[in-house]
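Asks: only geometry, no sequence info:
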Ligand SMILES: [Fe+2]
């Protein structure tokens, strides 16, 4: 099965439309979404309706949780908080209902879906600073692969192999082979790396964490929307960057009276 996988649309309808066109051309059969449908952008109702129509596997992002009172507004810095308060004032009842029902985690075959960090965080940023914590906690979830969003940067981390069970098959020989497609070193020293355009999941017992960037508010210096196709038979992930009408989104943000800073950041992809 080929899955269109994407994250962090943040109420940016032109970016979402461009990504859905690309994923359709790319051969997506089903969809998985990693959270933050709303926040920052001017089209929360339209984005939620379009994503709901896909009937995706989906998890809640921190902005989704805040809009429906599942995360405190004072968690956020002033600018995103102002955008969220605009969203709360603006959204339709059916949008609130959809956001309220979003789960914190979901499973796509052998892959765990969670907005920020496994096992179930919607708020902890995947940065170099948290890698020791990730390495120490990795046996707390059973899936060998996790897809996340939240930082708006497409990245990946190779995780240590699952410990051999007593009487089990033991370690796979050739540990160095697990660094498939530039994923990086396995073992205790974890490395956060840019996600390559074509990535292969490492074979068992090795594990990995993949950040799927952002559709509507990229922060890796590339303003184009990010999306990817996950083939769960071949266990490969192919990424795409998709140009969209950024000026239309900015015009709609300005017309809505949303703060100017997130609009400026769209042009630079920061
Ligand atoms: Fe986000």
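Replies: Looks like it arrived, so ask away. Predicted model only: the values in this text are computed from it and were never measured.

Asks: Got the phi and psi for the closest residue in space to residue 224 that isn't next to it in sequence?
Replies: Once flanking residues are discounted, residue 224 sits nearest to residue 241: 4.0 Å by CB to CB, 6 or more residues apart in numbering. Quick note: C-beta positions are derived from backbone N, CA and C, even for glycine. Dihedral pair for residue 241: phi -110, psi 130, per degrees, to the nearest 10.

Asks: how about the strands in this protein?
Replies: 2-6, 30-33, 57-58, 105-108, 111-114, 145-148, 154-159, 192-194, 198-200, 207-212, 225-231, 236-242 (DSSP state E).

Asks: Next, format the ones you listed as CSV and append mean neighbour count.
Replies: Rendered in CSV, the data for these read as follows (neighbours: other CB atoms under 10 Å):
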stretch, mean neighbour count
strand 2-6, 25
strand 30-33, 22
strand 57-58, 21
strand 105-108, 17
strand 111-114, 24
strand 145-148, 26
strand 154-159, 23
strand 192-194, 15
strand 198-200, 17
strand 207-212, 25
strand 225-231, 25
strand 236-242, 19
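
Asks: Make CSV from these and add distance to the ion and mean pLDDT to it.
Replies: Converted to CSV, those look like this (distance: least, CB to the ion, whole Å; pLDDT from 0 to 100):
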stretch, distance to the ion, mean pLDDT
strand 2-6, 12, 98
strand 30-33, 12, 98
strand 57-58, 14, 98
strand 105-108, 17, 98
strand 111-114, 13, 97
strand 145-148, 11, 98
strand 154-159, 13, 96
strand 192-194, 17, 96
strand 198-200, 21, 98
strand 207-212, 11, 97
strand 225-231, 12, 98
strand 236-242, 18, 98
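
Asks: how about the ones you listed in a markdown table, adding distance to residue 262?
Replies: As requested, these are exported to a markdown table (distance: least, CB to CB, whole Å):
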| stretch | distance to residue 262 |
| --- | --- |
| strand 2-6 | 19 |
| strand 30-33 | 20 |
| strand 57-58 | 23 |
| strand 105-108 | 27 |
| strand 111-114 | 24 |
| strand 145-148 | 21 |
| strand 154-159 | 20 |
| strand 192-194 | 23 |
| strand 198-200 | 29 |
| strand 207-212 | 20 |
| strand 225-231 | 15 |
| strand 236-242 | 19 |
